[in-house]
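Novice: Give me the fold of what follows.
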Amino acid sequence: MSKDSNAVLIIEDEKDLLEKHSKIIESGGYFCIKFASGQKALEYLSKNKGVIDIVVLDLFMKGLDGLDVLRAIKENSSKYGELPVIILTNIASEGIIREAFEYGASSYLLKNQIEDGGLIEELAKYT
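Specialist: Modelled structure (predicted):
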């Protein structure tokens, strides 16, 4: 893959939302790599260090959840790289938001914020 465009790895276990969000990301000129599983995304990151510029991550997923993925990325930067992580979720719980930032999240967006370009604006802050 050419590094002419920024690569975004999106992790979302709901197929419809994965497709919807990846189209939004691509409409902003980003190259998008999609995973429905946190575990598979971490495996990809470990084998492709330096390819991804930013991660967009859902919190509540089957199997390895988003907070576990976030913690793994941040605690193992030598394995995965120093990556900004944007949390994209439907959960507006103050406790969960605080926990995500404690684990190293760069941003926290609610899924309903991306309709008006919020996700593209947030990606632009880190790329």
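
Novice: low-scoring stretches of this protein, by residue?
Specialist: Low-confidence segments of the chain, defined by pLDDT under 70: 1-5, 116.

Novice: which residue ranges form the strands in the protein?
Specialist: Counting by DSSP state E, the chain has these strands, from start to end: 7-11, 31-35, 54-57, 85-89, 107-110.

Novice: can you put the ones you listed in JSON lines and add mean neighbour count?
Specialist: Yep, even glycine has a C-beta here, placed from its N, CA and C like the rest. Formatted as JSON lines, the strands of the chain follow (neighbours: other CB atoms under 10 Å):
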{"stretch": "strand 7-11", "mean neighbour count": "24"}
{"stretch": "strand 31-35", "mean neighbour count": "19"}
{"stretch": "strand 54-57", "mean neighbour count": "25"}
{"stretch": "strand 85-89", "mean neighbour count": "23"}
{"stretch": "strand 107-110", "mean neighbour count": "18"}
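
Novice: can I get the ones you listed in a markdown table with distance to residue 63?
Specialist: Compiled in a markdown table, the strands of the chain are given as follows (distance: least, CB to CB, whole Å):
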| stretch | distance to residue 63 |
| --- | --- |
| strand 7-11 | 11 |
| strand 31-35 | 11 |
| strand 54-57 | 14 |
| strand 85-89 | 16 |
| strand 107-110 | 22 |
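
Novice: so the longest helix along the chain versus strand 85-89, what angle?
Specialist: Secondary structure of the chain read by DSSP state H shows that its longest helix is helix 15-27. Going by axes from the mean of the first three to the mean of the last three CA atoms, to 10 degrees, helix 15-27 is angled at 140 degrees with respect to strand 85-89.
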